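**Q** Kindly return the folded structure for what I paste below:
(2 chains)
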Number of protein chains: 2
Amino acid sequence: MRVLIVHSHPEPHSFNGAMTDTAADTLRHQGHEVEVADLYAEGFDPVERATNFAPRAEPECFSALTEQRHHFEAGTLPDPVQRELSRLLRAELVIFQFPLWWHGPPAMLKGWFDRVCVYGGLYSGSMRYDRGRLAGVRALCAVTTGSPAAAFSPRGRGGDMATLLWPMHCSLAYLGMTVLPPQVVYGVQGGGLRYQDEAGFRARLEDEKTAWAERLTRLDTESPIPFSGWNDWDEDGVLRPNHPLAWRP
Amino acid sequence: MRVLIVHSHPEPHSFNGAMTDTAADTLRHQGHEVEVADLYAEGFDPVERATNFAPRAEPECFSALTEQRHHFEAGTLPDPVQRELSRLLRAELVIFQFPLWWHGPPAMLKGWFDRVCVYGGLYSGSMRYDRGRLAGVRALCAVTTGSPAAAFSPRGRGGDMATLLWPMHCSLAYLGMTVLPPQVVYGVQGGGLRYQDEAGFRARLEDEKTAWAERLTRLDTESPIPFSGWNDWDEDGVLRPNHPLAWRP
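**A** So this is what the prediction gives:
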């Protein structure tokens, strides 16, 4: 299996870094081919903007979708975007490793979607959801939080984790991907340095690494998060009356 | 009233640009003081990373929260962050104008939260939610989408709009802000240039501008989105048994 880990954390010696190392080591040990897209280390620019495209298809008024489609078809996407896109199109499993910052992925990872998931290449009006370009590819969000688990429970003040991850899961399903339940490590603060004691942090890290590695050996047995598809919707894209709200958190 | 518009769109001649111009003109005409933070035009860098801080409080392992708190207290935050923070702390109403890209705000705006909403300055363990630094400040998300309204209805394939905006609304409430219902303009594609005819686009733009301007004249009469607060939670940050799930979409 070809695995892509999209890693989005600014500090290599962070808990997120350890999670990515664990995943890469575990999956390689199982015989899989693993590539890590370390967005911070590679200096990825997550901002979609007019100057990313030259010459412009529409010089007068910048439309990201228009330029993405044009430059995808012409084979003139910016090099970093083409690199990420090639990695993504090779993958059979994509793991997104990131810390939850302000109730969502860091700007670095959000912009990976904005720039890499190009219109006309990875999706179009007829090529999305269960007819998406990445149909059959599995995706999994591996997330760390600063607050403890209770805050992200369904009645927690931080907001239910399933709801907070919903926008990103929607994006993955839009691309056609099969979305596996997230791997969430709660209560990770400041890369570990703000833990009360270093020994406690190390023990916690080992436990989480072990759980993560164990899960990765049995991904094949997991059921994905259910999403509705074209057969469930009317012509306006609304669920038909008797279809359950499978896509809701 | 002092109003801050945080504008996040790469094309000045876009529908988003027209919405921001309408808001600024309308509110100034009413006698309010309006400042526009045009993140793209000002070249804001939305990526929180180690090199943003020098000298580092913790040189060996980068923790964004540790550096944010240290440099806030020392008065040595990066100039663009200090500028945005000063603007935010002056405002009594903050309007976020942005297009919905990949089920959330563009990386440019997501990173405004990551960098500007500094730990130790805008929030801490005891200064958040209804005890937040920005208590009493109103916030409003003004959003455009490419897909039509039906797709973002509660049973729509794009995902319920209330759910998609929930993470950002949670962030605003976390800071203590009073969150007003969003202003959503559906079906805006490619800055208008991909509309079928220019006349139809202009008519639509005028209608939406009028509706937006009218709403802005009566914001004082609006009820905010309800959020729970410290008195509603137990010591773990979980809603007490008899409290309703007011914070859910």
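**Q** Closest to the centroid, which residue in chain A?
**A** Residue closest to the average C-alpha location in chain A (Cα atoms, centre = their mean): A:Phe96, at 4.1 Å.
**Q** Surely that one and A:Cys141 touch.
**A** Yes: counting by Cβ atoms under 8 Å, A:Phe96 sits close enough to A:Cys141 to count as a contact (4.9 Å). For every residue, glycine as well, the C-beta is placed using N, CA and C.
**Q** which residues do those two both contact?
**A** Shared contacts of A:Phe96 and A:Cys141 (Cβ atoms under 8 Å, 6 or more residues apart in numbering or on different chains): A:Met168.
**Q** residue with max distance from the center of chain A?
**A** Outermost in chain A, Cα atoms, centre = their mean: A:Glu60 at 33.1 Å.
**Q** per-residue confidence for the closest residue in space to that residue that isn't next to it in sequence?
**A** Using Cβ to Cβ, 6 or more residues apart in numbering or on different chains and skipping residues adjacent in sequence, the residue nearest A:Glu60 is B:His13, 8.0 Å away. If you check B:His13, the pLDDT there is 90.
**Q** Kindly report the same for A:Met127.
**A** pLDDT, A:Met127: 97.
**Q** ditto for A:Arg204
**A** 83.
**Q** Would you agree A:Val34 falls within a strand?
**A** Yes: secondary structure of A:Val34 (DSSP: H, G, I helix; E, B strand; the rest coil): part of a strand.
**Q** how long is stretch A:123-141 from one end to the other?
**A** 21 Å (Cα to Cα, to the nearest Å).
**Q** buried residues in it?
**A** A:123, A:127-129, A:132-134, A:137-141 (16 or more other Cβ atoms under 10 Å in any protein chain shown).
**Q** quick check, that stretch touching chain B?
**A** Yes: judged by Cβ under 8 Å from any Cβ of the partner chain, stretch A:123-141 and chain B are in contact via A:Tyr129.
**Q** Work out the gap between that stretch and the centre of the chain.
**A** Here stretch A:123-141 is found 13 Å from its chain centre; the criterion is Cα atoms, centre = their mean, to the nearest Å.
**Q** Same check on stretch A:220-239?
**A** The answer for stretch A:220-239 is 19 Å, by Cα atoms, centre = their mean.
**Q** model confidence over it, on average?
**A** What stretch A:220-239 shows for mean pLDDT is 93.
**Q** Pull out the buried positions in that stretch.
**A** A:225, A:227-228, A:232-233, A:237-239.
**Q** what's next to it, contact-wise?
**A** A:129-131, A:138, A:169, A:173, A:178-181, A:240, A:243, A:245-247, B:147-148, B:150-151, B:153, B:155-158.
**Q** could you pull out the helices for chain A?
**A** For chain A, the helices defined by DSSP state H occupy A:15-29, A:64-74, A:79-90, A:107-116, A:161-164, A:166-174, A:198-216.
**Q** winner for burial among the ones you listed?
**A** helix A:107-116 (a mean of 27; mean count of other Cβ atoms under 10 Å in any protein chain shown).
**Q** which strands and helices sit next to that helix?
**A** Under the contact criterion of 3 or more Cβ pairs under 8 Å, 6 or more residues apart in numbering or on different chains; DSSP states H and E, helix A:107-116 touches helix A:79-90, helix B:107-116.
**Q** Run the chain-centre distance for the helix or strand of chain A with the lowest mean pLDDT.
**A** Within chain A, no helix or strand scores below helix A:198-216, which has a mean of 89 by mean pLDDT, DSSP states H and E. Mean-position distance between helix A:198-216 and its chain equals 22 Å (Cα atoms, centre = their mean).
**Q** Need the contact partners of it.
**A** Looking at what lies outside helix A:198-216 - Cβ under 8 Å, 6+ apart - the contacts are A:15, A:18-19, A:22-23, A:25-27, A:30, A:142, A:183, A:185, A:192, A:195.
**Q** and A:Ala41, what does it touch?
**A** Here A:Ala41 is in contact with A:Pro12 (Cβ under 8 Å, 6+ apart).
**Q** Identify the bridge partners of A:Gln97.
**A** A:His7, A:Ala142 (DSSP bridges).
**Q** What residues does it make contact with?
**A** A:5-9, A:16, A:19-20, A:23, A:142.
**Q** As a markdown table, those with pLDDT would be great.
**A** Rendered in a markdown table, the data for the contacts of A:Gln97 read as follows (pLDDT from 0 to 100):
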| residue | pLDDT |
| --- | --- |
| A:Ile5 | 98 |
| A:Val6 | 99 |
| A:His7 | 98 |
| A:Ser8 | 98 |
| A:His9 | 98 |
| A:Asn16 | 95 |
| A:Met19 | 96 |
| A:Thr20 | 97 |
| A:Ala23 | 98 |
| A:Ala142 | 98 |
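**Q** between those, which is closest to B:Arg69?
**A** Nearest to B:Arg69 among the contacts of A:Gln97: A:His9, at 18.9 Å, using Cβ to Cβ.
**Q** ok, the nearest residue to the closest one once chain neighbours are set aside to A:Phe113 distance?
**A** Sequence neighbours aside, A:Asn16 is the residue nearest to A:His9 in space, at 3.7 Å (criterion: Cβ to Cβ, 6+ apart). According to Cβ to Cβ, to the nearest Å, A:Asn16 and A:Phe113 sit 18 Å apart.
**Q** And A:Tyr174, by the same measure?
**A** 10 Å.
**Q** next one: A:Leu122
**A** Going from A:Leu122 to A:Phe113 by Cβ to Cβ gives 10 Å.
**Q** ditto for A:Val47
**A** Distance from A:Val47 to A:Phe113, by Cβ to Cβ: 12 Å.
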